[in-house]
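In: Coordinates only, no sequence provided:
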């Protein structure tokens, strides 16, 4: 093949004929008919279900791979189809928790925050990334995610090291969901901060042709003053990028150009988040 020859998604078989290779780099969100259940979602895994009840963590490791290859769905509505994965999002969150300002860090279990950031979206390995505009009620989203975490921590990890690691993962995930501790409030805030960071970064690479401003809504739901300060700095950076050009300001809600119906969907989604409001 010459240096200028185009690459093909295939290889030559024994007879020299190019054979098509299936797309292996992404995992589509499982499509389930009727009431969503873990079993129905597992049936969509084309490479086979992970082995349950094993004393080895290898089946769990395979499930984690889906976090690397499942894309965050919100960006797809804006044709960002090769964007971040769920794992990408959680990885940066975990690193961000390490930068809690000293006065806040002194009040936090920092190791737990890092673990919580890496655990909080684990259920999306099977459930997929459900966004505020997908039409799935928050109680139903929570049911799907809780049953998935039971499957992961009991079905896949229940016999690994006496089930202790699985139980700890489940406990930390539930703490995040209940949103009653300072650590969970901080990680919820980091979740939102990471989202608007990605919003601004995609917009900059879009060279002013991609307005993702509706995602700025989450800034209004940040609780802790320390993270609010980061968000304010980021929004100033975004405003400097747009330089007075028309653009959506999700942090200003309807006044910022977000349709009222969409603001209501976002509000309903986050109002059920627990104490972190």
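Out: That came in fine, so what should we check first? Since we're looking at a predicted model, the values are computed, not measured.
In: all contacts plus neighbour counts: C-alpha atoms, from now on.
Out: Fine.
In: Pick out the residue nearest the middle of the protein.
Out: residue 86 (4.2 Å; Cα atoms, centre = their mean).
In: how much space between that one and residue 260?
Out: 28 Å (Cα to Cα, to the nearest Å).
In: and the residue nearest to the centre of the chain, what does it touch?
Out: Neighbour list for residue 86: 67, 68, 69, 70, 71, 72, 121, 124, 129 [criterion: Cα atoms under 8 Å, 6 or more residues apart in numbering].
In: pLDDT wise, what is it at?
Out: At residue 86, the model reports a pLDDT of 97.
In: now do residue 67
Out: 96.
In: Same check on residue 2?
Out: pLDDT, read off for residue 2, is 44.
In: May I ask which helix or strand encompasses residue 261?
Out: Per DSSP states H and E, residue 261 falls inside helix 260-271.
In: Oh, that last question was meant for residue 175, not what I typed.
Out: Going by DSSP H and E, residue 175 is part of helix 164-178.
In: by contact count, what packs against that helix?
Out: Using 3 or more Cα pairs under 8 Å, 6 or more residues apart in numbering; DSSP states H and E, the elements in contact with helix 164-178 are helix 110-119, helix 182-205.
In: could you dump these to a markdown table with mean pLDDT?
Out: Below are the helices and strands packed on helix 164-178 laid out as a markdown table (pLDDT from 0 to 100):
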| stretch | mean pLDDT |
| --- | --- |
| helix 110-119 | 98 |
| helix 182-205 | 98 |
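In: returning to that earlier point: would you mark the buried spots in the helix holding residue 261?
Out: 263, 265, 266, 267, 269, 270 (16 or more other Cα atoms under 10 Å).
In: same deal with stretch 33-53?
Out: For stretch 33-53, by 16+ other Cα under 10 Å, it's 36, 38, 41, 42, 44, 50, 52.
In: What lies in contact with stretch 51-69?
Out: Counting by Cα under 8 Å, 6+ apart, 25-27, 50, 85-88, 122, 124-126, 152, 155-161 sit against stretch 51-69.
In: Keep only those of these that are in helices.
Out: 86, 87, 88, 124, 125, 126 (DSSP state H).
In: Distance-wise, check the second one relative to residue 65.
Out: When distances are taken as Cα to Cα, residue 87 and residue 65 turn out to be 9 Å apart.
In: Those two: who's more crowded?
Out: residue 87 (24 against 13; other Cα atoms under 10 Å).
In: which residues touch the more buried one?
Out: Neighbours of residue 87 in contact, by Cα under 8 Å, 6+ apart: 67, 68.
In: Please report how far it lies from residue 206.
Out: 23 Å.
In: separation between residue 199 and residue 104?
Out: 26 Å.
In: More neighbours: which of these two?
Out: residue 199 (20 against 15).
In: Please name the residues that touch that one.
Out: Residue 199 touches 212, 213, 215, 216, counting by Cα under 8 Å, 6+ apart.
In: Make a markdown table out of the residues you listed and add pLDDT, distance to residue 110 and secondary structure.
Out: Converted to a markdown table, these look like this (pLDDT from 0 to 100; distance: Cα to Cα, whole Å; DSSP: H, G, I helix; E, B strand; the rest coil):
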| residue | pLDDT | distance to residue 110 | secondary structure |
| --- | --- | --- | --- |
| 212 | 98 | 31 | coil |
| 213 | 97 | 31 | helix |
| 215 | 97 | 27 | helix |
| 216 | 97 | 27 | helix |
